[in-house]
Each structure stands twice: as C-alpha cells, then as structure tokens.
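Participant: sequence plus the predicted model coming up.
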Amino acid sequence: MTKADLVRKISEKTGLDKQDVQRVIELFMDEVKNSLINGENVYLRGFGSFITKYRAEKVARNISKNTSVIVPAHYIPAFKPSKKFAEEVKKNVKP
C-alpha cells in the first residue's frame with residue numbers, strides 16, 4: 001500500500017477531502033521524524049512504537065576494492081509493533 005492508497009481509503013471511510021487527509025498524514029510523518037531526530041520515541045498504544053536504535057561502530061568490507069571500511073556508530077529509526085498488533089498479523093496474514 002502506498003501513501004496515495006492510504007489517503008484514498010481514509011478519505012472514503014471518513015468523507016474528508018483527499019487533500020486534507022494527505023496533509024494530516026504528512027504532518028503525522030513529520031512529527032514522528034522530528035521526535036526521533038530529537039531523541040524522543042513515539043508511543044501509540046495498541047499500535048506500536050517508533051524508536052531509535054543505536055548501532056555500534058563496526059568494520060565492514062568493500063568487496064570491490066578488497067579494503068576494510070570503518071562504519072561509525074550511529075542511530076537508526078525503527079518500529080516496534082505492540083504485542084496485540086504483532087499477534088493479529090501473525091494469526092491473520094496468509095501466504
């Protein structure tokens with residue numbers, strides 16, 4: 001599902017204008033990004049958490065040049081689903 005699909009579905013279910021729904025979704029994503037950039041996790045009860053994970057410095061290989069490269073320590077964004085959400089997906093997704 002793309003952002004456009006999400007906007008369309010929410011617009012159909014709520015009766016709101018697509019431009020308004022798109023603006024709300026974009027503002028939500030901006031707030032999540034800004035919170036994570038500022039070191040604040042975002043917790044949505046019953047859905048999950050947007051968190052930052054720390055990655056320690058490591059040595060990687062550049063295969064094409066056969067050299068070692070040091071990847072500095074850094075943070076990455078991650079999503080951790082709630083237990084209820086994870087269970088629903090586990091039980092209901094069909095291959």
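Facilitator: Nice, thanks for sending it over.
Participant: going by C-alpha atoms from here, please, whenever you check contacts or count neighbours.
Facilitator: Noted.
Participant: show me the domain layout of the chain.
Facilitator: Taking automatic domain parsing as the domain assignment, the ranges for the chain are 1-40, 51-95.
Participant: which of those domains is buried the deepest?
Facilitator: Highest mean neighbour count of the domains of the chain: domain 1-40, a mean of 13 (counted as mean count of other CA atoms under 10 Å).
Participant: how far does that one stretch from start to finish?
Facilitator: Across its full length, domain 1-40 reaches 27 Å between end residues, using CA to CA, to the nearest Å.
Participant: so what pLDDT did the residue nearest the centre of the chain get?
Facilitator: Closest to where the C-alpha atoms of the chain average out (CA atoms, centre = their mean) is F79, at 5.2 Å. Per-residue confidence (pLDDT) for F79: 97.
Participant: parallel or antiparallel, list what pairs with the host helix or strand of it.
Facilitator: Using DSSP states H and E, F79 sits within strand 74-81. Within its sheet, and counting by DSSP bridges, strand 74-81 is paired with strand 48-55 (antiparallel).
Participant: got the contact list for the strand it pairs with?
Facilitator: Contacts made with strand 48-55 from outside it, assessed by CA atoms under 8 Å, 6 or more residues apart in numbering, are listed as 32, 36, 39-43, 73-82, 85.
Participant: in this protein, where is pLDDT below threshold?
Facilitator: The chain contains no residues with pLDDT under 70.
Participant: residue boundaries of the strands in it?
Facilitator: Secondary structure of the chain by DSSP state E: the strands cover 42-44, 48-55, 58-62, 67-71, 74-81.
Participant: quick check: angle from the second one to strand 67-71?
Facilitator: This points to strand 48-55. In this structure, strand 48-55 runs at an angle of 130 degrees to strand 67-71, with axes from the mean of the first three to the mean of the last three CA atoms, to 10 degrees as the basis.
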